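J.: no FASTA, just this:
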């Protein structure tokens, strides 16, 4: 049987989706209110001359994904194993869930651009994202989201497996997937030198996407390596 | 449905200590086993390996003929209820039961509802808001209603009051008779639960002390009661676990080679032979703790 379609993997995915629905909905509701407030505030005080969504719409929700990743092991792994799910099934189910939640996050991020574009573009002719860039931007945002989630998952797994002190020492290792993906994919920040070296254009974007994918794969492999034989310890009472 | 358990030369090391040394025994499926040992004897470590919660450092463990660690065929067949419970604590009791219903292949929802009623579990309350005893009652409810072919309770009923514990013992026995499975109970409340044990495994400092049928183990000791002089004569050379006097009558709890001729002779001499408490034998078998580890 294909491991990804194993009934217990599907159960894990369904449970994770159900368990995060309310929290994710609340998060986006609050975030939308805060963002709308920021946008209106910016517009009233400075006039509309920039995309607030570009400043805050992608990065801040990504931290939420990292927190989701941290709790996957700390909160959920012992419960699943205690109910007859193997570690491998938890990792597979968690990975499917990661793809689903990151796809949703990406869709909401792109939707944010769309709404902002519709609202402000008459007053902001040089809107930073054009319609033709949406597919590429979607892939970039998706890979970044996934890298942040895996960084969080790796961090939580390292703390769970090796304890607090070693976990703190290993934190730089845990953030490597997200930092690496930022470097590879963030066209306006750290990856500028990379784009410069590779030539700023389609090949550079392709190379960035491949590097971003490698960062995600490294994060996933590291989570697997840490959790594959992890003991399920007694929780402190 | 009732997996055998085979443990061969099992070792389990932690970073700075050895929990289990070269442990070997076999448990036939379809019985209730008592796993006894003093604090730090390695009971929880052993059960964690049997349940696939921990990877052994050496040796081999087989549950139903298969390695239990992260095994997708064995894991759903095993339910390990621990002293600290393994569920998301921020959810309500009813959500915990619903979770078990989804994940436990042999879950009996009707039986779970009966146990909830019997233990008076407040299904609408969050797990974090439950008392220690109520949390334990929830744990044993999950363990019993899971009907897992291998069900393990590790001090799972700590904090439960006496009526609730006795309700648990009754439910366990009745449900085991209706749905035979392999059950392992690890406990310090030996006398309360001793009547349930078909076989007993005693470990100390990670080593096997004894594995025997409960009745056989009990027959290794006796409470000898009668005139003090006769009692002393018949117990000479045996290990005396305890003595009591009432006037000239004496009762001595002894262990040793108490074969049938010895018993016949004692009875012929007017002595009464009574059963010895499993707990007394356990204390005797594990008392030399001060020796080198």
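T.: That came in fine, so what should we check first? Predicted, not measured: the structure shown is a model, and the values here were computed from it.
J.: three-state assignment of residue B:80?
T.: Classification of residue B:80 by DSSP: H, G, I helix; E, B strand; the rest coil places it in strand.
J.: roughly how far does it sit from residue A:63?
T.: Separation of residue B:80 from residue A:63 (CB to CB, to the nearest Å): 35 Å. From N, CA and C alone the C-beta is placed, and that goes for glycine too.
J.: what's the answer for residue A:224, then?
T.: From residue A:224 over to residue A:63 the distance is 23 Å, taken as CB to CB.
J.: please apply the same query to residue B:144.
T.: 42 Å.
J.: those two: which is more packed in?
T.: Set side by side, residue B:144 and residue A:63 show more neighbours around residue B:144, with 26 against 12, by other CB atoms under 10 Å in any protein chain shown.
J.: got a list of what that one touches?
T.: B:111, B:115, B:151, B:168, B:171-172, B:175 (CB atoms under 8 Å, 6 or more residues apart in numbering or on different chains).
J.: check which helix or strand it maps to.
T.: In this structure, residue B:144 sits in helix B:132-146 according to DSSP states H and E.
J.: around chain B, which positions in chain A sit nearby?
T.: A:6, A:8, A:11, A:15, A:19, A:75-76, A:78-89, A:228-229, A:231-232, A:234-237 (CB under 8 Å from any CB of the partner chain).
J.: and residue B:187, how many neighbours?
T.: Neighbours of residue B:187 (other CB under 10 Å): 22.
J.: you'd agree it is up against residue B:155?
T.: Yes - judged on CB atoms under 8 Å, residue B:187 makes contact with residue B:155 at a distance of 6.3 Å.
J.: pull out the buried positions in the helix or strand encompassing residue B:233.
T.: Residue B:233 is part of helix B:228-235, with elements assigned from DSSP H and E. Using 16 or more other CB atoms under 10 Å in any protein chain shown as the test for burial, helix B:228-235 gives B:228, B:230-231, B:234-235.
J.: residues touching the closest residue to residue A:80 other than its chain neighbours, list them.
T.: Leaving out its chain neighbours, the residue that sits closest to residue A:80 by CB to CB, 6 or more residues apart in numbering or on different chains is residue A:90, at 4.8 Å. Residue A:90 is in contact with A:12, A:76-77, A:80-81, A:227, counting by CB under 8 Å, 6+ apart.
J.: export these as JSON lines, with columns for secondary structure, pLDDT and neighbour count.
T.: Formatted as JSON lines, the contacts of residue A:90 follow (DSSP: H, G, I helix; E, B strand; the rest coil; pLDDT from 0 to 100; neighbours: other CB atoms under 10 Å in any protein chain shown):
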{"residue": "A:12", "secondary structure": "helix", "pLDDT": "97", "neighbour count": "25"}
{"residue": "A:76", "secondary structure": "helix", "pLDDT": "94", "neighbour count": "21"}
{"residue": "A:77", "secondary structure": "helix", "pLDDT": "96", "neighbour count": "23"}
{"residue": "A:80", "secondary structure": "helix", "pLDDT": "96", "neighbour count": "26"}
{"residue": "A:81", "secondary structure": "helix", "pLDDT": "96", "neighbour count": "23"}
{"residue": "A:227", "secondary structure": "helix", "pLDDT": "97", "neighbour count": "23"}
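J.: need the max-distance pair from those residues.
T.: Farthest pair in the contacts of residue A:90 (CB to CB) is A:12 and A:227. Separation: 13.2 Å.
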